[in-house]
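# Provided below for reference: sequence and predicted model.
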Amino acid sequence: MNNYQRCSRCVMDTSDPDISFNEIGVCSHCQAFDLSSKREWFPNELGEQKLKTILDQIRLDGQNQEYDCILGLSGGVDSSYLALKAKSWGLRPLV
């Protein structure tokens, strides 16, 4: 491959035709993650409060219903874990 380059932070490389790199070799995917995580990721008390607010709203909206949310379950680790978390949060998902 001509002008092959791999990201200096992750495994992405120029096999992705839409990838670009900054001056220190960090790919556009890592750069996009950095920007979005600053706005959308809250691994602290603020995040816990935001999650609590969302869960409270789901429970309120689902009152008097058999289910209060829908959860796709593939059988993989991620969706299985989320199903367990939904139960521990007191949700009643249609799985």
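Happy to help now that I have it.
# got the contact list for the spatially most central residue of the chain?
In the chain, the C-alpha nearest the mean C-alpha coordinate belongs to Trp41, at 8.9 Å (C-alpha atoms, centre = their mean). Each residue near Trp41 by C-beta atoms under 8 Å, 6 or more residues apart in numbering is listed here: Gly47. Any C-beta I mention is one placed from the backbone N, CA and C, and that applies to glycine too.
# and if we set it to 10 Å?
33, 47 (C-beta atoms under 10 Å, 6 or more residues apart in numbering).
# how near is it to Gly47?
When distance is defined by C-beta to C-beta, to the nearest Å, Trp41 is 8 Å away from Gly47.
# Ile24 now?
Computed as C-beta to C-beta, the Ile24 to Gly47 distance reads 29 Å.
# more crowded one of these two?
Higher neighbour count among Ile24 and Gly47: Gly47, with 12 against 7, using other C-beta atoms under 10 Å.
# and that one, how far is that from Thr53?
For Gly47, the distance to Thr53 - C-beta to C-beta - is 11 Å.
# and for the two, which residues touch both?
Shared contacts of Gly47 and Thr53, defined by C-beta under 10 Å, 6+ apart, are absent.
# okay, how far is it across stretch 19-39, tip to tip?
Terminal residues of stretch 19-39 are spaced 22 Å apart (C-alpha to C-alpha, to the nearest Å).
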